[in-house]
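Asks: Structure for this input, please:
(one chain, ligands or ions: 1)
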Amino acid sequence: MVNVSFCRLGRNIPEPFAGYVLPYVRKSIAQTEGENAVTVLGAMWNGLACAAAVAVWDETDGELLSLFVDPKARGCGVAGRLVDLLLEEGARLGKDSLSLEYVLKDEELAAMDALVESRGGAVIDGAPICGMNSDDFLDSPLLGPALHPGWRRPAAVRLFSELTPRELELLDAIEELPEYLRPSALGDRLDPALSAVWLADGRPAAFALGFQTGDRMFCQSSVWRGPNAPEGSFRALIGAQVNQCWYRSGGSFVFFISPINPRSAAMAEWFTGGNYEPYTQRDAWIPIPNKE
Ligand SMILES: CC(C)(COP(=O)(O)OP(=O)(O)OC[C@H]1O[C@@H](n2cnc3c(N)ncnc32)[C@H](O)[C@@H]1OP(=O)(O)O)[C@@H](O)C(=O)NCCC(=O)NCCS
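Replies: This is a model prediction of the structure:
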């Protein structure tokens, strides 16, 4: 018989639970101050770690930053129980709601939607997002070469992780850049090793921001092209991003591009030859009823 148990974990999440939480979340909560600002829970399956969940709390509400259940333990109510325990914690702390965001498809999407709705929550949004499987573009002349140790970035392309703090500030201060496209808009989520800039004469001409959304799952969150962005710069930037994903995942991964407008939809078609999977990006919200 299977015995599932749950435990509270510290902000410096111990192994083996740490493997169920994204690196940027681990880093961000380790730096968060405040006694009741973070709740980390783990689940065990016959004594072995099988899942973890992380919520952060502000004055009034919470945000589920991470929820991951080992594929072997799915469909048994582990995620539901972890969320219930977080809602109980939210009630104890006097909070109003728990918000969450996820990018999933098929059964996992149905499970998360069901989990939210059966707790009186609402799925607020449902934007489509293209999931490109790296195995499908190994042979693509556009991106395939970047999935190889021999691939070299053009000299003009630099990863954000290679920039000085001053150079990063300059990126945020580009005048014509709308607020929502600024690197700082992504906060802790922005992954400097998955974000790249094209520098022309030392000035940013184009950039692409990226972050990790799950185990071997990466997302190009936004792209900016200034008036001086040269032909081919976007291709080089996405090449730099998928090259980094390839190294980090050890070979096989899903790369998300949001077909937010006809141009980016055409781009996803162009890169994959139409060979991508339709995922859904959701924002959701669960009320916390019984405040104490
Ligand atoms: C989505 C995920 C969390 C679900 O975990 P799980 O432990 O299998 O979920 P549960 O068994 O608790 O099921 C949750 C709900 O979905 C329902 N459900 C499960 N499978 C379903 C399906 N195929 N269709 C519809 N509903 C389904 C369950 O009945 C349950 O509803 P209830 O709470 O109202 O009873 C899990 O698949 C996962 O970790 N996926 C990866 C998530 C990820 O990539 N996270 C990235 C970091 S945030």
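
Asks: Could I get the full set of helices for the stretch 101-250 of the chain?
Replies: Using DSSP state H, counting those that start in this stretch, the helices of the stretch 101-250 of the chain run over 106-117, 165-172, 233-249.

Asks: Comparing the ones you listed, which comes out most buried?
Replies: Neighbour counts averaged per stretch over these are highest for helix 233-249, at a mean of 21; criterion: mean count of other CB atoms under 10 Å. No exception for glycine: its C-beta is placed from N, CA and C like everyone else's.

Asks: so for that helix, what's the average pLDDT?
Replies: Across helix 233-249, pLDDT averages out at 94.

Asks: Can I get the helices of the stretch 101-250 of the chain in JSON lines including distance to the ligand?
Replies: Formatted as JSON lines, the helices of the stretch 101-250 of the chain follow (distance: least, CB to the nearest ligand atom, whole Å):
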{"stretch": "helix 106-117", "distance to the ligand": "3"}
{"stretch": "helix 165-172", "distance to the ligand": "26"}
{"stretch": "helix 233-249", "distance to the ligand": "14"}
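
Asks: I'd say Pro278 and Cys130 touch.
Replies: Yes - counting by CB atoms under 8 Å, Pro278 does reach Cys130; the two are 7.0 Å apart.

Asks: For Asp96, which of the helices of the stretch 101-250 of the chain is the nearest?
Replies: Ranking the helices of the stretch 101-250 of the chain by proximity to Asp96 (CB to CB) places helix 106-117 first, at 15.7 Å.

Asks: other SSEs contacting the closest one?
Replies: With contacts taken as 3 or more CB pairs under 8 Å, 6 or more residues apart in numbering; DSSP states H and E, helix 106-117 sits against helix 78-93, strand 97-104, strand 122-123, strand 277-287.

Asks: Quick one: closest of the ones you listed to the ligand.
Replies: Smallest distance to the ligand across the helices and strands packed on helix 106-117 (CB to the nearest ligand atom): 3.2 Å, for helix 78-93.

Asks: and the closest one, does that touch the ligand?
Replies: Yes - Helix 78-93 is in contact with the ligand by CB under 6 Å from any ligand atom, via Val78, Ala79, Gly80.
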